[in-house]
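Asks: Dropping the sequence and predicted coords here.
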Amino acid sequence: MYFDETYILVLIGAILTLMASAKVKGAFNKYSKIRSFRGMTGAQTAEKILRENGLFDVYVKPVGGSLSDHYNPKDKTVNLSETVYGQTSIAAIAVAAHECGHAIQHHEGYAPLNFRSALVPFANIGSKLGIPIIILSLALGLRIPLGSGEYFYLADIGVWVFALAVLFQFVTLPVEFNASSRALRILGQGGILEGDELKGARKMLSAAALTYVAAAASSVLQLLRFILLSNSRKGRR
């Protein structure tokens, strides 16, 4: 029975993702139980940060779910989940400040954020079409003869298309790290969190950052797998 050794790469990626997800959930659960000394909610924190940074056209909105917080540059809204919007925990404040960090990036024209936004449509194509193209091309042996016994393998197109999604994951890293850095600086300088509270927020956001690192690593491993499979198939022909 044939065993595809490249599945090991997928397994490693899955393990990294699960570990990162467990870490961020653990950190969020821990610090969501610790009320901040000032007692500000996530929504109040976001409003304060936005106004003090001159973002009067950005609005704070509640959204359903947990850890579904995000900044939407299209309608300029900081969307906070149920576990953040009305909560006074260290975790809620840290998450709200992080999303405001994205709003400030957008306001200032932060280059990596602009680049990531420009990549979105290409990354969507890469994530939706890259893998199907690769799998079908390899399964059916699709190739175009170029003459002199040379061929162009359609799986290579899928690899390059999927690489766009991988690139998006890497561009996301500096955007997220910078948003967290801004958040922690603002929380400290504004006196919203102090001492151990600020340390807790840092641990929370650091754990969240690991999910993006794990996602990038997982996508690279997946891309490497497809490259190995494509090259292996070429070698058999």
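Replies: Sure, I can see it. Numbering: from 1, shown residues only.
Asks: Every contact and neighbour count from this point should use C-alpha atoms.
Replies: Noted.
Asks: which of the residues in the longest helix along the chain are buried?
Replies: If you go by DSSP state H, the chain has its longest helix at helix 196-235. By neighbour count, and taking 16 or more other Cα atoms under 10 Å as the criterion, the buried residues in helix 196-235 are 197-198, 200-227, 229-230.
Asks: now that helix: mean pLDDT?
Replies: The predicted model gives helix 196-235 an average pLDDT of 91.
Asks: Can you spell out which helices and strands pack onto it?
Replies: helix 7-31, helix 90-108, helix 111-140, helix 155-189 (3 or more Cα pairs under 8 Å, 6 or more residues apart in numbering; DSSP states H and E).
Asks: Residue ranges in the chain under the pLDDT threshold?
Replies: Across the chain, the stretches falling below the confidence threshold (pLDDT under 70) are 1-3, 149, 151, 233-237.
Asks: From the centre of it, give me the residue that's furthest out.
Replies: S148 (45.2 Å; Cα atoms, centre = their mean).
Asks: Return the distance of V120 relative to P73.
Replies: Taking Cα to Cα, to the nearest Å as the measure, V120 falls 13 Å from P73.
Asks: deepest of the helices and strands packed on helix 196-235, which one?
Replies: Per residue and on average, the most neighbours among these fall to helix 90-108, with a mean of 26 (mean count of other Cα atoms under 10 Å).
Asks: Setting the sequence-adjacent residues aside, check what's closest to the residue positioned nearest the centre of the chain.
Replies: Relative to the mean C-alpha position of the chain, the nearest C-alpha, by Cα atoms, centre = their mean, is the one of Y212, at 4.5 Å. The shortest distance from Y212 to any residue other than its chain neighbours is 6.4 Å, reached at L173 (Cα to Cα, 6 or more residues apart in numbering).
Asks: what's near enough to touch that neighbour?
Replies: L173 makes contact with 209, 212-213 under the criterion Cα atoms under 8 Å, 6 or more residues apart in numbering.
Asks: got the residues you listed as JSON lines, with distance to K23 columns?
Replies: Formatted as JSON lines, the entries for these read as follows, by distance: Cα to Cα, whole Å:
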{"residue": "A209", "distance to K23": "10"}
{"residue": "Y212", "distance to K23": "12"}
{"residue": "V213", "distance to K23": "13"}
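Asks: Isn't K33 up against Q87?
Replies: No - under the criterion of Cα atoms under 8 Å, K33 is not in contact with Q87, lying 9.8 Å apart.
Asks: ok, the two, which is more surrounded?
Replies: When K33 and Q87 are compared on other Cα atoms under 10 Å, the one with more neighbours turns out to be Q87, at 22 against 14.
Asks: measure L198 to K76 for me?
Replies: L198 sits 27 Å away from K76, going by Cα to Cα.
Asks: now K199
Replies: To K76, K199 is 29 Å away according to Cα to Cα.
Asks: How about the contacts made by the residue nearest to L210 when sequence neighbours are not counted?
Replies: If the residues on either side of it in the chain are set aside, L210 comes closest to A20, at 5.6 Å by Cα to Cα, 6+ apart. When contacts are counted by Cα under 8 Å, 6+ apart, A20 is found next to 207-208, 210-211, 214.
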